[in-house]
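[1] one predicted model, sequence on top.
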Amino acid sequence: MMAETQTEDQVRSDWPLYEVFLRGKRGLNHVHVGSLHAADAQMALRHARDLYTRRNEGVSIWVVAARDITASSPDEKDPFFAPSGDKVYRHPTFYDIPADVPHM
Amino acid sequence: MTDDDFDAYRSLSEETDDHRWAFGTGFSDPLEGIDTAVPAGVDGAALASYCLGLGDDALIYSHRLQQWVTRMPELEEETALANIALDLLGQARLLLSRAGRAEGAGRDEDQLAFFRTEGEFRNVRLVEPADADFAELAGRLLIFSAWRLALFGRLTGSADPLLAAIAGQGVKELTYHRDYAAQWVIRLGDGTELSHARMQAALGVIWPLTDELFRADAVAARLPGVAADPATLRAEVDEVLDAVLAAATLDRPGGAPLAPVAGRAGREGVHTEALGYVLAELQSVARAHPDATW
């Protein structure tokens, strides 16, 4: 029994984390909705279907292994993002947008 | 989860924010507003009996699957299985309601589910035993959903428009159930030496119950154009099972089928010992508190 339990723990820790992205009926982009554990990408896709589309939220699912995501570090928040805070001229706010331009 | 994440998720789901809770009383009639008249030339009593059998298959198997909840090896798998059990419960509600209307004696889905005795149930015996392990769960679900999908595929052309519509909705659900079960049978069969041996052993336990799925059915025979002849499903189901078994490197089990008793099996009300225990649990609350609401 002891040996069996250890084996199960080992197997469990082998299941990697996947991040789930959904595109809804009205959505243009896939949106991050959460994460889950699965043995491989195909299983992750099925798990995502069962966990995140139970209430008819999505028409398309992406799953990405969390280890494959390169993320910016919170420690670098200031050098990364603060310098753009006072550059108001980078925002296209000085134009009049025609009424028939979609998705703005 | 930050507020931003939550809002994004909610914005995906808000347009279908209807409350489909699966507990409590006060459900609306699943056939409300639908014409439930028996089509001309169709034997109403036979139609009621046929729908009862298909509804009982789903009801009893759904209950067995529900018994796995809190016992699954992973949280993700548990949600998947609960979804499947709920799909089948939905099919049971529609089919039992259809049976009650076709019968015309005023019995609703609850009367049929909770106030019939063991001998009045018409489900096949495949759905009665508890799964001894996860391999049995995967194997039984594969066989059940492959068979039911083939059956519902035929029923989408049924002369009873209501039965055809119920089957049409079920086909999409069952396609996913079959896919879910098949990928686990393949993973276990084509996995380690131990998982292969246990998957093979599980199929050996379940296989004797499969023959009954294709037995001649006197009720179906009284419903030409409405019901499907079970014998005609065997080739389609065998093809699916053989493909999965091949991918899983598993052998098709031999062994004698579980024989009918004096020519009667599940569809005729003869069941395994396991059904009584399922019904005792399934019906206990409704029988202790008849007509209670909560």
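    In hand now; what should we look at? Residues are numbered from 1 along each chain as shown, chains lettered A, B, ... in the order given.
[2] chain A against chain B: which residues are in contact?
    A:8, A:12, A:15, A:22, A:24-27, A:31-34, A:36-39, A:42-43, A:46-47, A:49-51, A:54-58 (CB under 8 Å from any CB of the partner chain). (C-beta placed from N, C-alpha, C; glycine too.)
[3] separation between the closest residue to residue B:107 other than its chain neighbours and residue A:75?
    Ranked by CB to CB, 6 or more residues apart in numbering or on different chains and with sequence neighbours excluded, the top spatial neighbour of residue B:107 is residue B:100, at 4.5 Å. Distance of residue B:100 to residue A:75, computed by CB to CB, to the nearest Å: 66 Å.
[4] give me the more crowded residue out of those two.
    Each of residue B:100 and residue A:75 has its neighbours counted (other CB atoms under 10 Å in any protein chain shown); residue B:100 has more, 24 against 8.
[5] just the pLDDT for the more buried one.
    On the pLDDT scale, residue B:100 is placed at 93.
[6] how about residue A:70?
    Reported pLDDT for residue A:70: 90.
[7] repeat for residue A:39
    91.
[8] residue contacts, the closest residue to it other than its chain neighbours?
    Nearest residue to residue A:39, sequence neighbours excluded (CB to CB, 6+ apart): residue A:15, at 5.5 Å. By CB atoms under 8 Å, 6 or more residues apart in numbering or on different chains, the contact list for residue A:15 reads A:37, A:38, A:39, B:74.
[9] buried set for stretch B:160-176?
    Across stretch B:160-176, burial judged by 16 or more other CB atoms under 10 Å in any protein chain shown covers B:160, B:162, B:163, B:165, B:166, B:167, B:170, B:171, B:173, B:174, B:176.
[10] chain center to it: distance?
    Distance, stretch centre to chain centre, for stretch B:160-176: 12 Å (CA atoms, centre = their mean, to the nearest Å).
[11] before we move on, back to that, buried subset of the residues of chain A next to chain B as a ChimeraX selection?
    A single ChimeraX command selects the buried members of those (16+ other CB under 10 Å):
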select /A:15,22,24,27,31,33,36,37,38,43,46,47,49,50,51,57,58
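[12] what about residue B:56, neighbour count?
    By the criterion of other CB under 10 Å, residue B:56 has 26 neighbours.
[13] state the helix or strand in which it lies.
    Assigning secondary structure by DSSP states H and E places residue B:56 in helix B:44-66.
[14] near chain A at all, that helix?
    No: using CB under 8 Å from any CB, helix B:44-66 stays clear of chain A, coming no nearer than 13.5 Å.
[15] touching chain A at all, stretch B:89-98?
    No: Stretch B:89-98 does not reach chain A (CB under 8 Å from any CB); its nearest approach is 13.1 Å.
[16] on that earlier part again, with distance to residue B:234 added, can I get the contacts of residue A:15 in TSV?
    Below are those laid out as TSV (distance: CB to CB, whole Å):
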residue	distance to residue B:234
A:37	39
A:38	35
A:39	33
B:74	34
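[17] may I see those residues organised as CSV, with distance to residue B:109 and secondary structure added?
    Compiled in CSV, these are given as follows (distance: CB to CB, whole Å; DSSP: H, G, I helix; E, B strand; the rest coil):
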residue, distance to residue B:109, secondary structure
A:37, 37, strand
A:38, 36, coil
A:39, 39, coil
B:74, 33, coil
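[18] from these, which is closest to residue B:117?
    residue B:74 (37.8 Å; CB to CB).
[19] can you give me the strands in chain A?
    A:17-24, A:31-37, A:58-65 (DSSP state E).
[20] can I get the second one in CSV, CA atoms only?
    The reference is to strand A:31-37. Output of strand A:31-37 as CSV, limited to C-alpha atoms (Å, rounded to 0.1, in the frame of the first residue of the first chain):
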residue,chain,number,x,y,z
VAL,A,31,-8.7,35.0,-23.6
HIS,A,32,-6.8,33.4,-20.7
VAL,A,33,-9.3,31.7,-18.4
GLY,A,34,-7.3,29.5,-16.2
SER,A,35,-5.0,26.4,-16.0
LEU,A,36,-5.2,22.7,-15.4
HIS,A,37,-3.1,19.6,-15.2
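[21] got a pLDDT number for the closest residue to residue B:229 other than its chain neighbours?
    Leaving aside its chain neighbours, residue B:229 sits nearest to residue B:220 (6.0 Å; criterion: CB to CB, 6+ apart). With respect to pLDDT, residue B:220 scores 92.
[22] centroid-nearest residue for the chain?
    Unless you meant another one, I'm taking chain A. By CA atoms, centre = their mean, chain A has its centre lying nearest to residue A:32, at 3.2 Å.
[23] sorry, I should have been clearer: chain B.
    Centre-most residue of chain B, counting by CA atoms, centre = their mean: residue B:58, 2.9 Å.
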